[in-house]
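Peer 1: 3D, please:
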Amino acid sequence: MLEDTKSRTLSEVSERTDEQIVELAVEVFTMLADATRVRIVLALQDGELSVNTLAELVGKSPTAVSQHLAKLRLARIVATRHEANRVYYRLANEHARRLVADAIDQAEHSVDDHPGHHRRTINGGG
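Peer 2: This next block holds a predicted model:
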């Protein structure tokens, strides 16, 4: 498990990356290139939630959220658990959370010379 979360250098990634993996990586970015899907990933970073709860958190209808979740599930970004007639969604692994967190951090650099994530690190936070 620890190996899965270890950061790799670009040269280590390049040595093991073939064309198919690069294309699949592009599909992951394409899947996350939607504000509602990013909000869903952010909402799921603390654990599993139902469609109705997610809809409330992201400010969209349950139908719209279900459609986004179906795409995220097909892309293996989210996974499901069924309990009676309810479906609960969770992030399939830590990578989607990290991708979105890094994208948010990068976006902060566009609007602030001293973004919040740097201030949190300096002050002993996350």
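Peer 1: any stretches of this protein with poor pLDDT?
Peer 2: Residues of the chain meeting the criterion pLDDT under 70: 1-17, 114-126.
Peer 1: now do the helices in it.
Peer 2: Under the criterion DSSP state H, the chain contains helices at 2-5, 10-16, 19-31, 35-44, 51-58, 62-74, 94-111, 116-122.
Peer 1: buried ones in the fourth one, by neighbour count?
Peer 2: Within helix 35-44, the residues scored as buried using 16 or more other C-beta atoms under 10 Å are 36, 37, 38, 39, 40, 41, 43, 44. Glycine gets a C-beta too; all of them are placed from N, C-alpha and C.
Peer 1: for residue 60, give its distance to residue 34.
Peer 2: From residue 60 across to residue 34, the span is 11 Å (C-beta to C-beta, to the nearest Å).
Peer 1: and what of residue 46?
Peer 2: Residue 46 is 21 Å from residue 34, by C-beta to C-beta.
Peer 1: between those two, point out the one with more neighbours.
Peer 2: The neighbour count for residue 46 versus residue 34, taken as other C-beta atoms under 10 Å, is higher for residue 34 (13 against 10).
Peer 1: any idea how far the more buried one lies from residue 40?
Peer 2: Applying C-beta to C-beta to residue 34 and residue 40 gives a distance of 9 Å.
Peer 1: return every residue with contacts to both of those two.
Peer 2: Common neighbours of residue 34 and residue 40 (criterion: C-beta atoms under 8 Å, 6 or more residues apart in numbering): residue 68.
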